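> With the sequence up front, the predicted model follows.
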Amino acid sequence: MATDFHPDTEQTSLAADIDYHAAEGLDSPEIAPPSDGRVRQEWMMVGIGLAALLAILAIVVSVVAFASSGGSGETTTVVKHASATTAAAAAPAKTPTLADAKGVAFEKYAKVDPTLPAVPAGAVKRFTVDVFQHVTQVDSTLAPTEAWSYAVNGKAYRGTAASPPIVVNQGDRVHITFVNGGSKKMAVNMAHSIDFHSAEVAPNKSYIDVAPGKKLTIDFVAKHPGVFMYHCATQPVLMHTSAGMMGMMVVKPRNLPPVDKELWLTQEEFYLGAPGKPADMAKMAAETPDVIAFNGYANQYKASPITVRRGERIRMYVLDAGPSRWSAFHVIGTVFDTTHVEGVVGHDSQTVSFAPSQGGWVEFTLDHEGNYPFVTHSFGDMVKGAAGILHTTGAPKVAAPAPAPAAADGHAMGAMKADVNATLGEMFVKADTTSVKAGKVTFAVKNAGGAMHGFGIVAAPAKAPGGMLDPSTLVAKGKELAAGAGETVTAQLKPGSYELVCFLAGHYAAGQKLAFQVK
């Protein structure tokens, strides 16, 4: 009888055990070479085991045959199912919405300026990097989360979970003063650290944990050009980075030619726990982020596009800070003339790929007036907030909610005293208010996008299996509107939580939704 067993198998397994034990700092098991007697003994044990297995199988077959020939003539098959508890444990926790955050105080959102900062003056580039803990939203429709962020030379992006970029030139001497909560306002209550991927230093000396209120200095020469990550290296690293402790350091290469505009984008993931509380570790381990954003806040450059000029040369510095998802950065409507990714120079590129912690820059021009979305082309991540718009001067604006649209007879619908002015567009629904009193509610709806959209209202949380809205759950529904068209939609709404949506297939999953409260 053939068998896969061989005495070398045990030898290989023990060698793997030695590697594991060494990695864990434990005593390793000893490997003794097998003797001929031992080999014969192992083969005898295999033979005995196989004989026993055949005997057991024969008994089982006999029992089944006996049962089949009994009075009922039936056999019973027992199937073991996973318990409800196991199934529930495997299901990811739900995404907490703004409606779930009643009574939770959080910072007011303020747009993060995507303009790359200048290199500081002086022979030595000095940066004071402080830590602060705060409660902020990372998506306008979702519950706030406790974020752990960095401030650089006094600059902090409160109201988001972004950390400022640090910019130097290749060859610069860099002096970092790392402060873990320099004042009570920073609200730090635990040890943190900082790790610079751009530096060549001893981690056991420079990337150590620093207690609240304490500081550490790090000195290095920025020898290598590129877009590097800095982040907290305190264990568990996954927890600290997922809470927002990550940022971009740009080391500009020597003789980098000037361009008309330099922008920065850091892509990062957020795993929301209970409203106002730290991130959810189970979601992190399962890699099921609730939000994937550029510069600490989902879709902020869709709601307020980045203004550029037609024909100017644009350089965008991009970092995928992760901690776990890849990025496929793409600007719709153009081709990258040159790309610089992890020391590799390319050209004529449609998309650049970044693994977590990788970065680079792309250069391009926009040949026509218009609105150019930029996204991660991993669309399952894009719909979680990793999208924005480059808006050329002279192109139609897409940011602010539109005024009440005109009715078919040409009279202003504002005269109808709509309770809510709603705007639909590619990947968004906006409204001038997200809270009304119960009763008859009139919505003045405008399609400000370039594609067809349709306004609807559903009870929250929406039923959208596979990202497709269940049409039977629509509380109210308007018409399918062509670009630029408008209408009024009236609904009788009871108190509760709702979502304003685009009901066209796939549009909800693409981000066309807005939390709405009826009191």
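Arrived safely.
> Name the residues of stretch 286-299 that are buried.
289-299 (16 or more other CB atoms under 10 Å). Heads up, the C-betas are built off the backbone N, CA and C, glycines and all.
> Please apply the same query to stretch 279-287.
Buried residues in stretch 279-287, counting neighbours by 16+ other CB under 10 Å, are found at 279-280, 283-284.
> swap in stretch 298-314?
298-303, 305-306, 308, 314.
> Next: stretch 313-328.
Buried residues in stretch 313-328, counted by 16+ other CB under 10 Å: 314-325, 327-328.
> Now do Pro212: how many residues are near it, please.
By other CB atoms under 10 Å, 15 other residues sit near Pro212.
> wait, what's in contact with it?
Going by CB atoms under 8 Å, 6 or more residues apart in numbering, Pro212 touches 180-181, 188-191.
> could you redo the residues you listed as CSV and give each row neighbour count and pLDDT?
Listed next are these as CSV, based on neighbours: other CB atoms under 10 Å; pLDDT from 0 to 100:
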residue, neighbour count, pLDDT
Asn180, 25, 97
Gly181, 22, 96
Val188, 22, 96
Asn189, 8, 94
Met190, 14, 95
Ala191, 17, 96
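> Looking at those, which are in helices?
Residues of these located in helices (DSSP state H): none.
> before we move on, the earlier item: next, format the buried residues of stretch 298-314 as a markdown table and append distance to Glu107 and secondary structure.
Below are the buried residues of stretch 298-314 laid out as a markdown table (distance: CB to CB, whole Å; DSSP: H, G, I helix; E, B strand; the rest coil):
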| residue | distance to Glu107 | secondary structure |
| --- | --- | --- |
| Ala298 | 15 | coil |
| Asn299 | 18 | coil |
| Gln300 | 14 | helix |
| Tyr301 | 19 | helix |
| Lys302 | 21 | helix |
| Ala303 | 17 | helix |
| Pro305 | 23 | coil |
| Ile306 | 22 | strand |
| Val308 | 28 | strand |
| Ile314 | 30 | strand |
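> now, among those, which is nearest to Thr423?
The closest of the buried residues of stretch 298-314 to Thr423 turns out to be Ala303 (CB to CB; 10.8 Å).
> so what's Ala408 scoring on pLDDT?
Here the pLDDT value assigned to Ala408 is 35.
> Same question for the one 4 residues further on.
For Ala412, the pLDDT comes out at 35.
> Distance of Pro164 relative to Pro461?
35 Å (CB to CB, to the nearest Å).
> Now for the buried residues of stretch 286-299: which two are most distant?
Asp290 and Asn295 (17.0 Å).
> partners of the helix or strand hosting Ile457, with directions?
Per DSSP states H and E, Ile457 falls inside strand 453-459. Strand 453-459 pairs in its sheet with strand 474-481 (antiparallel), strand 496-502 (antiparallel), by DSSP bridges.
> Off-centre distance for that strand?
Chain-centre distance of strand 453-459: 26 Å, with CA atoms, centre = their mean, to the nearest Å.
> Kindly report the same for stretch 457-467.
Taking CA atoms, centre = their mean, one finds the center of stretch 457-467 at 21 Å from the center of the full chain.
> For that stretch, C-alpha coordinates in CSV please.
The C-alpha coordinates for stretch 457-467 follow below in CSV (Å, rounded to 0.1, in the frame of the first residue of the first chain):
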residue,chain,number,x,y,z
ILE,A,457,-36.4,58.5,0.4
VAL,A,458,-35.9,55.3,2.4
ALA,A,459,-36.0,54.5,6.1
ALA,A,460,-32.6,54.1,7.6
PRO,A,461,-30.7,51.8,7.5
ALA,A,462,-31.5,51.3,3.8
LYS,A,463,-32.0,47.8,2.6
ALA,A,464,-29.4,47.6,-0.2
PRO,A,465,-28.1,44.0,-0.7
GLY,A,466,-25.1,44.0,-2.9
GLY,A,467,-25.3,47.8,-3.0
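> what's next to that stretch, contact-wise?
With CB under 8 Å, 6+ apart, stretch 457-467 has contacts from 94, 97, 99, 383, 469-470, 473-477, 489, 491, 493, 496-501, 506, 508-509, 513, 515-516.
> Now with 6 Å, please.
Contact partners of stretch 457-467, identified using CB atoms under 6 Å, 6 or more residues apart in numbering, comprise 470, 473-476, 491, 497-499, 501, 508-509.
> Among the contacts of Pro212, which one sits closest to Ser242?
Of the contacts of Pro212, the one sitting nearest to Ser242 (CB to CB) turns out to be Met190, at 14.8 Å.
> I'd like the distance from the closest one to His134, if you could.
According to CB to CB, Met190 and His134 sit 14 Å apart.
> for stretch 123-137, which positions count as buried?
Using 16+ other CB under 10 Å as the test for burial, stretch 123-137 gives 125, 127, 129-137.
> Narrow these to those in strands?
In strands, defined here by DSSP state E, the members of the buried residues of stretch 123-137 are 125, 127, 129-136.
> JSON lines for those, including distance to Gly273?
JSON lines is the format used below for those (distance: CB to CB, whole Å):
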{"residue": "Lys125", "distance to Gly273": "37"}
{"residue": "Phe127", "distance to Gly273": "31"}
{"residue": "Val129", "distance to Gly273": "26"}
{"residue": "Asp130", "distance to Gly273": "24"}
{"residue": "Val131", "distance to Gly273": "20"}
{"residue": "Phe132", "distance to Gly273": "19"}
{"residue": "Gln133", "distance to Gly273": "14"}
{"residue": "His134", "distance to Gly273": "15"}
{"residue": "Val135", "distance to Gly273": "12"}
{"residue": "Thr136", "distance to Gly273": "14"}
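> Would you point out the most distant pair within these?
Of all pairs drawn from these, the one with the longest distance (CB to CB) is Lys125 and Val135, at 32.2 Å.
> what sits opposite His134 in the beta ladder?
What pairs with His134, by the bridge criterion (DSSP bridges), is Ala147.
> gap between it and Gly182?
For His134, the distance to Gly182 equals 14 Å [CB to CB].
> ditto for Gly333
Separation of Gly333 from Gly182 (CB to CB) stands at 44 Å.
> Over to Asn153?
Distance of Asn153 to Gly182, computed by CB to CB: 12 Å.
> The two: which is more packed in?
Under the criterion of other CB under 10 Å, the comparison of Asn153 against Gly182 puts Gly182 first, with 18 against 14.
> could I get the strands paired with strand 453-459 as CSV with mean pLDDT and distance to Pro275?
Formatted as CSV, those follow (pLDDT from 0 to 100; distance: least, CB to CB, whole Å):
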stretch, mean pLDDT, distance to Pro275
strand 474-481, 93, 25
strand 496-502, 94, 14
